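In: Coordinates for the following, if possible.
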Amino acid sequence: MKRFFPCVVVFLLLPLSASAQNAAEQAILKLEQQWVDALVKADTAALEKLYTDDLIYTHSSGTVDTKATYIDSLKTGKAKYESIERDEVKVRFYGDTAIVTCRSVIKVNKNTINARYIHVYVKQKGAWRMAAHQTTRLAQ
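Out: Residues are numbered from 1 along each chain as shown. Reported below is the predicted structural model:
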């Protein structure tokens, strides 16, 4: 009986952890869509909330922005996104860190970029926020 009880407890808790994992994945996927929507609309207020204060934003060109410089490029119109189409979106969790990878077609400043990107989200004060973005161009 002593061995049976811990096994039952673990068995009963497995669906809860899977459910929690699914809820966290859905939350991250929702943030990903909010990120796309905010870029296309140049909604800098939404991005202010989404990004950590120490965001590292690495573009496919190798240029690196901070939160402030990246948001400023959207405010001034230096960066103008028309659309971002994504597929092969995958989310992985490592404690309070989530890694998102995907393939994308980004239309920005009248250019079309076929790329893969990676996002790193961290949980801060109970909320997921993007801490890093890196885009890599794919061969045409």
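In: For this protein, which segments are assigned as helices?
Out: Secondary structure of the chain by DSSP state H: the helices cover 4-41, 44-50, 67-75.
In: I'd like to know which of these is closest to residue 104.
Out: Nearest to residue 104, of all the helices of the chain, is helix 4-41, at 9.1 Å by CB to CB. Every residue, glycine included, has its C-beta placed from N, CA and C.
In: Now tell me what touches stretch 106-119 from outside.
Out: In this structure, residues lying in contact with stretch 106-119 by CB atoms under 8 Å, 6 or more residues apart in numbering are 32, 35, 60, 79-84, 99-105, 130, 132-138, 140.
In: Just the buried ones from the residues you listed?
Out: Buried members of the contacts of stretch 106-119, counted by 16 or more other CB atoms under 10 Å: 32, 35, 60, 79, 81, 84, 100, 102, 104, 130, 132-135.
In: Kindly reformat those as CSV containing pLDDT.
Out: Shown next, in CSV, are the buried ones among the contacts of stretch 106-119 (pLDDT from 0 to 100):
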residue, pLDDT
32, 97
35, 97
60, 91
79, 93
81, 95
84, 95
100, 98
102, 96
104, 96
130, 98
132, 98
133, 98
134, 97
135, 96
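In: Cross those residues against strands and list the overlap.
Out: Taking DSSP state E as the definition of strands, the buried ones among the contacts of stretch 106-119 contribute 81, 84, 100, 102, 104, 130, 132-135.
In: thinking again about what came up before, in CSV: the helices of the chain, plus distance to residue 95.
Out: Rendered in CSV, the data for those read as follows (distance: least, CB to CB, whole Å):
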stretch, distance to residue 95
helix 4-41, 11
helix 44-50, 20
helix 67-75, 23
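In: Could you say which of these is packed most deeply?
Out: Ranked by mean neighbour count under mean count of other CB atoms under 10 Å, those are led by helix 67-75, which reaches a mean of 16.
In: Wait, residue 101 touches residue 120, no?
Out: No. The criterion here is CB atoms under 8 Å, and residue 101 misses it with residue 120 at 10.4 Å.
In: Thanks a lot, see you next time.
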